[in-house]
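Novice: Below: sequence and its predicted model.
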Amino acid sequence: MVAVVVTAQPPGILIPSNSHCDVGKFKICKNLVHVCPKFCGPSGGCTTECQSCKPICNDGSFPPPESDNSPPITHSPPPPSSTPTPTTTHSPSPPSSTPTPSTHSPPKGSGKKKSKCKNKNSECYNVEYVCPEACPGGCQVDCKSCKPVCNCDKPGAVCQDPRFIGADGITFYFHGKKDREFCLVSDTNLHINGHFIGKRDPTMTRDFTWVESIGILFNNHKMFLGAKKTAAWDDLNDRLAITFDGEPIFLQDREGASWQPEYSSQAVSITRIASSANSVVVEVEGNFRITVKVVPITEEDSRVHNYGITKDDCFAHLDLSFKFLSLSGDVDGVLGRTYASDYVSKVNMSKAMPVVGGEKEFITSSLFAADCSASRFVGEQKKVSSGLGMEFPSLSCGGDHIEGGAGVVCKR
């Protein structure tokens, strides 16, 4: 850069003169006076290089023209040197490495599942995250940490060959029995039963079981959510059946489609999430929120666990994630008791697959029956007349015997 010598060395003074930079864009260095170095030649004087803001002797070694041109020369080599790098031997390697992951990612499929944070107060609201490959049942975004978390790895989850995660974060298994109903949660104004389906392995003393449907009682309402019997699984084919107070609910095939009842003492909503089929969030204001997803038993699952699944039935079932908003300290049920104020876990953590019992304590007579020995449910039955014309304990719902599996029948 151009610099100006302010004065020449006066006669009789051994100390060289000074100089400064007068280029406007170098604000820090402009007009800053520099004393020329003592080792400058007998001609004396120096110029200030604006870029480095240092005085340089005018003895021929660093004349102003060369100092002006030196910065462009020193900076020009790096771009050429960096330019050839990608064009030489390194450019072929990125392409060769790029196809490798792309060929592996499609078969896994799980990496394609995505989720968003739905909390408008979060920094990552509506930001889409790819679910980890370790989440076969999809994931949810933790809006506090802004990270995707497997649906089945959070407290309140009920998934797979029923694997429960209690309020304390401890994982345990409750197998129950196939074709029977068990109380999952029971509190004064919330009761949830699960209908178990399964297959018997001749080499074992128990059934392989999964939760096919749930019946929910709250206030004076009843809600059914269940997986329809399915042979060949298709992610785009909705296999989730829903009823509210005995009436079938149909949601549009799009994310965000929702339904609300015309009458209810609490705000109730059912909303599609993540995709156009098989996933919904059910929320009752101030009471509970449940994420429900219909999933199949895949051929790989059957091979690994020896389930013996055949092509005529993929045993579609529910993966569930519960969040409770107003449980009492006296709550009970297979999952509910882990939220009780006096709960102490008896799970044997030394076992790879800790199983808890209690079939006799939690078994019920039907999907909407609050008659298990652990029942705490009261609801609003005493406050409401028999205008609905039905009692919860005698109501049974199912969809397996409907032609095409397109609906749900509830019988008293």
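Specialist: All right, it came through fine.

Novice: what helix or strand is Val158 on?
Specialist: Assessed by DSSP states H and E, Val158 sits inside strand 157-159.

Novice: by contact count, what packs against that strand?
Specialist: On a contact count with 3 or more CB pairs under 8 Å, 6 or more residues apart in numbering; DSSP states H and E, strand 157-159 meets strand 163-165, strand 317-324. Quick note: C-beta positions are derived from backbone N, CA and C, even for glycine.

Novice: 7 Å - rerun?
Specialist: If you count contacts as 3 or more CB pairs under 7 Å, 6 or more residues apart in numbering; DSSP states H and E, strand 157-159 packs onto strand 317-324.

Novice: got a list of contacts for the strand holding Val158?
Specialist: Strand 157-159 is contacted from outside by 137, 151-152, 164-165, 184, 211, 319-321, 335, using CB atoms under 7 Å, 6 or more residues apart in numbering.

Novice: Contact partners for the residue nearest to the spatial centre of the chain?
Specialist: Residue closest to the average C-alpha location in the chain (CA atoms, centre = their mean): Gln140, at 2.6 Å. Contacts for Gln140 (CB under 7 Å, 6+ apart) come out as 115, 149, 151, 291.

Novice: Among these, name the ones in strands.
Specialist: Counting by DSSP state E, the contacts of Gln140 place 115, 149, 291 in strands.

Novice: ok, so of these, who is nearest Lys346?
Specialist: Taking CB to CB as the measure, Val149 is the one of those closest to Lys346, at 26.5 Å.

Novice: Beta-bridge partners for Lys114, please?
Specialist: Note on Lys114: beta-bridge partners by DSSP bridges are Val130.

Novice: still on that earlier bit, turn the ones in strands among the contacts of Gln140 into a markdown table, including distance to Phe377 and neighbour count.
Specialist: Compiled in a markdown table, the ones in strands among the contacts of Gln140 are given as follows (distance: CB to CB, whole Å; neighbours: other CB atoms under 10 Å):
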| residue | distance to Phe377 | neighbour count |
| --- | --- | --- |
| Ser115 | 33 | 21 |
| Val149 | 31 | 18 |
| Thr291 | 22 | 22 |
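
Novice: could you dump these to CSV with pLDDT?
Specialist: Formatted as CSV, the ones in strands among the contacts of Gln140 follow (pLDDT from 0 to 100):
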residue, pLDDT
Ser115, 84
Val149, 86
Thr291, 94
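
Novice: Now for Asn313, how many residues are close by?
Specialist: One correction, residue 313 is Asp, not Asn. 15 (other CB atoms under 10 Å).
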